[in-house]
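Chemist: Predicted structure and sequence below. I'll ask about it afterward.
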Amino acid sequence: MPNSPEKTTSETGLTIEQKPPNRRGFLKGAAGIVGGVIASTFIEGVQNPNRLTEMQHLNLPEGEGIDTGIGHADFQVQPLPLGKEPVTDWEKALVDTQTGINTRIRGSLDNLPDFHHDYKKHIDVVADDLNNTMFRMSLDFGRLCPKEGEFNHELMGQYIRMIAYCRKRGLQPMVTLHHWPMPLSFCEIQNPKDGKIQKGAWEHPEILKHFRFYIENIIQYFMDPNKVKAALESDPEKTFNPQEIDETIEDGMICKNFITINEPMMHVLTYWGGDFPPFKRGEFTLAQEVLKKLVTPMKLPITKCMKLLRFLHKFVP
């Protein structure tokens, strides 16, 4: 008799259903074991005072050190839809589970984080209690550009304030430009009742054009001091005083550390094992097509940032 599916619950309250292992999942399971060993070794090193002492005595150039930090994906810390309806594939998967539609994500909406509204207290913990020097966060492609030609300026303003608050607390911000959620409007859903995504957004013929639109808009925010200033001045909580706003603008760039796409191979693996939206399984040919598309967006931000780097050269030696 086959084993029953097991369920594990994360700190965010989401539960992932783990199906019994099979031959197809053997290699995937083996990779997970190796990853677990590596993670355990890392944790042991951090917890072991002797290892920390070794790190403190690394032969680094004078004046150089190791930056430590914590990071998250926007969906991880703000999984609930920001509007009345889900606008990304991940938001849809979460909401579907609450309305009885079967997905591999399980959980209650009563125990989920709300980072967008209480980000300051969490960043304070990173700066004060953890004594970190960096803070990694992501922008949400699907939320910022939910439809063709549409950009959420209000949400981008909130991201700018989060980044600025990191700086205010002495943390170097690091921004991931894309950390998995895709605009739902670029997905194909034939039967709304079962909620199944027939085609993921990366399969859409116009997705690269839309991603370019996204990159162009966020780069404009990072390059335009007036946009940054407007975002900080419009903060309803008045977190930044005029002097802090002026200092942020004079520095020339609110963020200097970027990651293009988080773990791009995970987009491919979801077409193999179906763990994440669009929950495909065994689509090896399709995974290859998606991977080819992913190469272009990874180059795109770099190309766009060349202009940005020329702008930065005025301020950063």
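Modeler: Yep, it's here. Residues are numbered from 1 along each chain as shown.
Chemist: end to end, how far does stretch 258-275 reach?
Modeler: Length of stretch 258-275, first residue to last, CA to CA, to the nearest Å: 27 Å.
Chemist: Could you give the average pLDDT over it?
Modeler: For stretch 258-275, the mean per-residue pLDDT is 86.
Chemist: Can you give me the neighbour number for E250?
Modeler: Neighbour count of E250, defined by other CB atoms under 10 Å: 9. Every C-beta, even on glycine, is put in place using the N, C-alpha and C of the backbone.
Chemist: Please, which helix or strand holds the nearest residue to E283 once chain neighbours are set aside?
Modeler: Leaving aside its chain neighbours, E283 sits nearest to Y271 (4.3 Å; criterion: CB to CB, 6 or more residues apart in numbering). Counting by DSSP states H and E, the element that carries Y271 is helix 264-273.
Chemist: helices or strands next to that helix in the packing?
Modeler: The helices and strands touching helix 264-273, judged by 3 or more CB pairs under 8 Å, 6 or more residues apart in numbering; DSSP states H and E, are helix 26-47, helix 284-312.
Chemist: how close does Q243 sit to Q98?
Modeler: 45 Å (CB to CB, to the nearest Å).
Chemist: Between those two, point out the one with more neighbours.
Modeler: Remark: of Q243 and Q98, Q98 carries more neighbours, 11 against 8, as counted by other CB under 10 Å.
Chemist: Got the phi and psi for the more buried one?
Modeler: phi -80, psi -10 (degrees, to the nearest 10).
Chemist: and the host helix or strand of I163, how far out from the chain's middle?
Modeler: Element membership of I163, judged by DSSP H and E, is helix 153-168. From the chain centre to the centre of helix 153-168 is a distance of 15 Å (CA atoms, centre = their mean, to the nearest Å).
Chemist: average pLDDT across it?
Modeler: Mean predicted lDDT for helix 153-168 stands at 97.
Chemist: In terms of secondary structure, what does that helix contact?
Modeler: If you count contacts as 3+ CB pairs under 8 Å, 6+ apart, helix 153-168 packs onto helix 115-124, strand 134-138, helix 141-144, strand 172-178, helix 207-223, helix 225-233, helix 242-250.
Chemist: need those in a markdown table with mean pLDDT and distance to L155, can you?
Modeler: Output for the helices and strands packed on helix 153-168, formatted as a markdown table (pLDDT from 0 to 100; distance: least, CB to CB, whole Å):
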| stretch | mean pLDDT | distance to L155 |
| --- | --- | --- |
| helix 115-124 | 95 | 8 |
| strand 134-138 | 97 | 13 |
| helix 141-144 | 98 | 6 |
| strand 172-178 | 95 | 14 |
| helix 207-223 | 93 | 11 |
| helix 225-233 | 96 | 11 |
| helix 242-250 | 94 | 19 |
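Chemist: To K280, which of the ones you listed lies closest?
Modeler: K280 lies closest to helix 207-223 among the helices and strands packed on helix 153-168, at 15.6 Å (CB to CB).
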